[in-house]
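Novice: quick one: sequence plus predicted model below, questions after.
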Amino acid sequence: MADTIYNTHRTCRIHMGIASAESKGFEGVDYSWKVLDFFNDANYTDYAPWHPKLEGVMYFDKHV
């Protein structure tokens, strides 16, 4: 899946979530023409104070 995302012509900025029932994993993707970053509940650090960091939960703040 990552190869498909890396090699796709990207334009506007979006946030995506990719989950796997098999591995029970989840990755969030910050995606634009110049940025492609993968995050999960352990490494996403741009949380607003009203969104506490919780194990197994990830928030995307579209205003960051």
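Specialist: Here it is on my side, so go on. Residues are numbered from 1 along each chain as shown.
Novice: check the gap between residue 10 and residue 52 for me.
Specialist: 31 Å (CB to CB, to the nearest Å). No exception for glycine: its C-beta is placed from N, CA and C like everyone else's.
Novice: okay, those two: which has more neighbours?
Specialist: residue 10 (15 against 9; other CB atoms under 10 Å).
Novice: any regions of this protein where pLDDT drops low?
Specialist: Applying pLDDT under 70 to the chain picks out residues 1-2, 45-47, 61-64.
Novice: so residue 5: helix, strand or coil?
Specialist: Taking DSSP: H, G, I helix; E, B strand; the rest coil as the rule, one finds residue 5 in the helix state.
Novice: that one against residue 32, yeah?
Specialist: No: if you go by CB atoms under 8 Å, residue 5 and residue 32 don't touch, sitting 11.7 Å apart.
Novice: element containing the spatially most central residue of the chain?
Specialist: Geometric centre of the chain, nearest residue: residue 28, 1.9 Å, by CA atoms, centre = their mean. Element membership for residue 28 (DSSP states H and E) is strand 25-31.
Novice: okay, now the sheet partners of that strand, with direction.
Specialist: strand 14-20 (antiparallel), strand 36-39 (antiparallel) (DSSP bridges).
Novice: buried residues, it. List them.
Specialist: 27, 28, 29, 30, 31 (16 or more other CB atoms under 10 Å).
Novice: hang on, the last one packs against residue 10?
Specialist: Yes: contact criterion CB under 8 Å: residue 31 and residue 10 qualify, at 6.1 Å.
Novice: so what touches the strand holding residue 28?
Specialist: By CB atoms under 8 Å, 6 or more residues apart in numbering, the residues outside strand 25-31 that reach it are 5, 10, 13-20, 36-41, 44, 58, 60.
Novice: buried among those? Make that a PyMOL selection.
Specialist: To isolate the buried subset of the contacts of strand 25-31 in PyMOL, counting by 16+ other CB under 10 Å, use the following:
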select buried, resi 39+44+58+60
